[in-house]
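Participant: no sequence on this one, just coordinates:
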């Protein structure tokens with residue numbers, strides 16, 4: 001697989017997204033994202049539109065689009081014509097006869113040619129318009145929420161962004177102690193958005209600590225030794241979803257199910273016993289921990 005597709009696939013899996021989920025967020029067909037990750041550029045639309053899809057996909061995955069756009073191939077030009085085959089020299093009498101026939105034919109053409117029709121030159125087609133851009137202001141109650149647009153971090157509220165490319169975009173707000181909020185907005189003009197965040201009914205403690213503290217029986221502690229997206233569920237209830245700070249500890253009552261985008265960065269402690277990393281770095285997995 002080429003470097004461009006490998007970067008896209010790895011970033012998507014780290015976020016725990018399937019191709020179908022990513023395509024739904026971007027309002028695209030899944031086969032477009034599949035073609036980008038497989039580097040099947042011949043299955044994509046014209047380059048200008050395909051590069052726009054690549055930019056939006058990179059922003060959704062939290063990647064800088066410019067290095068990826070630099071990896072997108074340029075359509076090659078037509079191959080050079082093959083060199084002429086070597087020929088034996090023609091005898092001069094034959095060349096003289098051919099030259100005489102050419103002169104006679106050209107004279108006949110000058111006598112019999114039709115009157116040329118005057119053609120009208122058409123103006124050149126205008127270049128494609130660049131996508132419109134609009135500013136975005138986001139405020140929240142309480143302030144200080146982290147703002148993501150198509151998965152790309154913009155900053156904290158109150159926020160005023162630089163001009164952004166218009167179209168359907170997905171905005172998400174996250175704040176410790178509050179339920180994450182997400183919706184799709186149509187950016188077709190300058191927008192000023194305000195949201196009221198809802199407190200979580202139950203929030204796991206996240207306390208930075210150099211070493212894990214003793215945990216009571218039937219307790220799972222996850223310590224972040226690097227950056228990783230996490231989702232922790234208990235039955236149908238979602239206890240946590242997000243990217244904790246490095247060094248944070250998340251504590252949960254068993255049983256729970258843990259989904260991680262980068263398991264190598266998550267160290268597991270069960271009832272105070274160090275079980276080591278949750279999994280291998282960069283390979284998303286889901287693991288269930290039962291009550292004793």
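Facilitator: Thanks, I have it. These figures come from a predicted structure and were not determined experimentally.

Participant: what are the ranges of the helices in this protein?
Facilitator: Listed in chain order, the helices of the chain (DSSP state H) span residues 3-14, 19-26, 30-37, 47-60, 65-71, 92-112.

Participant: residues of the last one that come out buried?
Facilitator: Judged by neighbour count (16 or more other Cβ atoms under 10 Å), helix 92-112 contains no buried residues. C-beta: built from backbone N, CA, C; applies to glycine.

Participant: Kindly report the same for the second one.
Facilitator: Across helix 19-26, burial judged by 16+ other Cβ under 10 Å covers 19, 22-23, 25-26.

Participant: Next, the contact list for residue 224, please.
Facilitator: Residue 224 sits next to 244-250, 265-266 when contact means Cβ atoms under 8 Å, 6 or more residues apart in numbering.

Participant: from the residues you listed, which is closest to residue 146?
Facilitator: Residue 146 lies nearest to residue 245 out of those, by Cβ to Cβ, at 11.3 Å.

Participant: Quickly list the domain ranges of the chain.
Facilitator: Annotated domains of the chain cover 3-71, 133-196, 219-289 [automatic domain parsing].

Participant: Please name whichever of the ones you listed is nearest to residue 108.
Facilitator: domain 3-71 (47.1 Å).

Participant: what's the span of the closest one from first residue to last?
Facilitator: Distance across domain 3-71, first residue to last, is 8 Å (Cα to Cα, to the nearest Å).

Participant: Off-centre distance for it?
Facilitator: Relative to its parent chain, domain 3-71 has a centroid offset of 5 Å by Cα atoms, centre = their mean, to the nearest Å.

Participant: now swap in stretch 55-74 and tell me
Facilitator: Worked out by Cα atoms, centre = their mean, stretch 55-74 lies 7 Å from the chain centre.

Participant: Just to check, residue 246 is in contact with residue 225?
Facilitator: Yes: taking Cβ atoms under 8 Å as the definition, residue 246 is a contact partner of residue 225 at 7.1 Å.

Participant: do you know how far the residue lying closest to residue 147 once chain neighbours are set aside is from residue 190?
Facilitator: In this structure, residue 147 finds its nearest non-sequential neighbour in residue 154, 4.6 Å apart by Cβ to Cβ, 6 or more residues apart in numbering. Noted for residue 154: a distance of 15 Å to residue 190, by Cβ to Cβ, to the nearest Å.

Participant: Which of those two has more residues huddled nearby?
Facilitator: Ranked by neighbour count (other Cβ atoms under 10 Å), residue 154 and residue 190 place residue 154 first, with 18 against 11.

Participant: Show the pLDDT at the more buried one.
Facilitator: Looking at residue 154, its pLDDT is 86.

Participant: Quickly note the distance from it to residue 69.
Facilitator: On the measure of Cβ to Cβ, residue 154 and residue 69 end up 20 Å apart.

Participant: which regions of the stretch 51-200 of the chain lie under the pLDDT threshold?
Facilitator: 74-90, 92, 111, 113-123, 125-129 (pLDDT under 70).

Participant: And the strands in it?
Facilitator: For the stretch 51-200 of the chain, strands defined by DSSP state E, counting those that start in this stretch occupy the ranges 133-134, 136-141, 146-149, 152-156, 159-160, 164-165, 167-175, 178-187, 191-196.

Participant: Relative to the fourth one, what are the paired strands and their orientations?
Facilitator: Translated: strand 152-156. Using DSSP bridges, strand 152-156 pairs in its sheet with strand 146-149 (antiparallel).

Participant: how about the contacts of residue 224 in CSV, adding neighbour count?
Facilitator: Formatted as CSV, the contacts of residue 224 follow (neighbours: other Cβ atoms under 10 Å):
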residue, neighbour count
244, 22
245, 11
246, 13
247, 14
248, 16
249, 21
250, 22
265, 22
266, 22
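
Participant: List just the nearest of those to residue 163.
Facilitator: Using Cβ to Cβ, residue 245 comes nearest to residue 163 of those, at 30.6 Å.

Participant: Could you tell me the model confidence score at the closest one?
Facilitator: Taking residue 245 on its own, its pLDDT is 92.
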